[in-house]
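S.K.: Here you go, sequence then predicted model.
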Amino acid sequence: MKIETKTAQFTSPLYLESGRILEPYEITYETYGELNEDKSNVILVCHALSGSHHAAGVYEGERKAGWWDGLIGDRKAIDTTQYFVISTNVIGSCFGTSGPMSNNYATQVPYRLKFPVVTVKDMVHAQMQLLSQLGIYHLRAIIGGSMGGMQALQFAVDYPNLADNIISLAATYATRPWTMAFNKVAVEAIRRDPRFEHGNYEVDAFKEEGLDGLAIGRIAGHISYLSPDSMDDKFGRNYVNNDGLFELFGRYEVERYMEYNTNNFSRNFDPLSYLYIVKAINTFNLSRGYDSLEDAISRIKAKVHMISFTSDYLFFPSEMEHIAKMMKENGQVHTYLEVESNYGHDAFWLNLINLKIIYERFYNERTEF
């Protein structure tokens, strides 16, 4: 599989929902496979909160594959022998695209908290500018899970003629208070950490030791991504061998897992980017800018394929089903599938065997890419 990583630069202004302007800005993106002569084989992949443009393959000298490597590649569900796949890093992130720790062009110091608040709609708008720069004006499909699924749905509403197919997994039509409450734990843990310094920390300040506030907040997030059954299956009530049961800070295996994963995350993800992206998730609402949700959904012309998971306690299956019911009433082409899974919200990328079957089902029987 051919992999290329590039950064596109834009000097024209990006007009944001807030009324502010981002100028200039950059978008880092990765491509897989070969673009055909008439540019008709393009699939756009959108990432979730903690993802990046690195969706598949392994970089030279590294061992960790992209976050959806089980699905994207030669003769995989998203087959790069047939399709040219583009995965972009969203505006506000910390993996090469312009974000709060990028330098402000006017001052040549990081924006930090002066970076404008961005929304999912803004992320989609920025990706449209990238596609235009690449001379790509039509897509075979747009695919994403969680925040990536939000982007896919936003594309379908805002740009009805862009894609033939939309596949949205584990997403929603609008973020609900339950999810905002989980996100609030992370936001407050970061803001109240003294080392956060109200956003005035140095670039790469947490590469070595991480930020405790982000690690603690990520624990809350991680809990929301899993499910009680998946935790039972993975950890049970197993205790760490070297910790005493009656030591105050002795740990169960689930506790050690949370410590290890969240501490690593806090070394690799910028806390300001985390705050900005969480804000984008909280403010997501497909109906904003339209008369109603029904009005927004009625604009969709693509075939929309929605997948939810029974144990998803972050974005409940009923939320995706609500969109499906609207589309059915409107006579719009769509499919809805609720997958039996105990992986929780993370099923959209963890349960790769089942997802591969689902994608192939859509490819071969329904979407007819």
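M.R.: Good, I have the coordinates.

S.K.: contacts and neighbour counts: CA atoms only from here.
M.R.: Noted.

S.K.: can you give me the helices for the stretch 1-150 of the chain?
M.R.: Counting by DSSP state H, counting those that start in this stretch, one finds helices in the stretch 1-150 of the chain at the ranges 120-133, 147-158.

S.K.: quick one: which of those helices is nearest Asp232?
M.R.: Asp232 sits nearest to helix 147-158 of all the helices of the stretch 1-150 of the chain, at 26.5 Å, using Cα to Cα.

S.K.: quick one: Lys6 from Ala156, how far?
M.R.: 26 Å (Cα to Cα, to the nearest Å).

S.K.: Which of those two has more residues huddled nearby?
M.R.: Ala156 (26 against 13; other Cα atoms under 10 Å).

S.K.: which residues touch that one?
M.R.: Contact partners of Ala156, counting by Cα atoms under 8 Å, 6 or more residues apart in numbering, are 162-163, 166, 299-302.

S.K.: Helices - which of those land there?
M.R.: Taking DSSP state H, every one of the contacts of Ala156 sits outside helices.

S.K.: Local confidence estimate at Tyr359?
M.R.: pLDDT, Tyr359: 62.

S.K.: tell me the contacts of Gly33?
M.R.: By Cα under 8 Å, 6+ apart, the neighbours of Gly33 are 1-3, 80-85.

S.K.: try Arg192
M.R.: With Cα under 8 Å, 6+ apart, Arg192 has these contacts: Gly213.

S.K.: Need the phi and psi values for the residue lying farthest from the centre of the chain.
M.R.: In the chain, the residue that sits farthest from the middle, by Cα atoms, centre = their mean, is Phe246; the gap is 40.6 Å. Main-chain torsions, Phe246, degrees, to the nearest 10: phi -100, psi 20.

S.K.: wait, what's in contact with it?
M.R.: Applying Cα under 8 Å, 6+ apart, no residues contact Phe246.

S.K.: picking up where we left off before, please report which of the contacts of Ala156 has the highest neighbour count.
M.R.: Result: Ile166 is most packed of those (other Cα under 10 Å), 28 neighbours.

S.K.: Count the neighbours of Glu197 for me.
M.R.: So Glu197, with other Cα under 10 Å, has 12 neighbours.

S.K.: In a helix, it, correct?
M.R.: Yes: checked against DSSP: H, G, I helix; E, B strand; the rest coil, Glu197 lies within a helix.

S.K.: how much space between it and Leu272?
M.R.: 11 Å.

S.K.: Now whichever strand or helix holds Ile277 - C-alpha only, PDB.
M.R.: Assigned by DSSP states H and E, Ile277 belongs to helix 271-282. Written as PDB, here are the backbone C-alpha positions of helix 271-282 (Å, rounded to 0.1, in the frame of the first residue of the first chain):
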ATOM      1  CA  PRO A 271      -4.000  19.500  26.500                       C
ATOM      2  CA  LEU A 272      -5.200  22.700  24.800                       C
ATOM      3  CA  SER A 273      -6.000  20.700  21.700                       C
ATOM      4  CA  TYR A 274      -8.000  18.300  23.900                       C
ATOM      5  CA  LEU A 275     -10.000  21.300  25.300                       C
ATOM      6  CA  TYR A 276     -10.700  22.700  21.800                       C
ATOM      7  CA  ILE A 277     -11.800  19.400  20.300                       C
ATOM      8  CA  VAL A 278     -14.000  18.500  23.300                       C
ATOM      9  CA  LYS A 279     -15.600  21.900  22.800                       C
ATOM     10  CA  ALA A 280     -16.300  21.000  19.200                       C
ATOM     11  CA  ILE A 281     -17.900  17.700  20.200                       C
ATOM     12  CA  ASN A 282     -20.000  19.400  22.900                       C
END
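
S.K.: ok, and what's touching it?
M.R.: So helix 271-282 is contacted by 49-50, 92-94, 99-101, 112-113, 117-120, 147, 175-176, 179-180, 183, 187, 190, 199, 211, 214 (Cα under 8 Å, 6+ apart).

S.K.: Just the buried residues from those residues, in ChimeraX please.
M.R.: This is how ChimeraX selects the buried members of the contacts of helix 271-282, with burial counted by 16 or more other Cα atoms under 10 Å:
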select :49,50,92,93,94,99,100,101,112,117,118,119,120,147,175,176,179,180,183,187,190,199,211,214
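
S.K.: that older thread, just the buried ones from the contacts of Gly33?
M.R.: 1, 3, 80, 82-85.

S.K.: Pro160 in helix, strand or coil?
M.R.: Pro160 is classified as coil under three-state DSSP.
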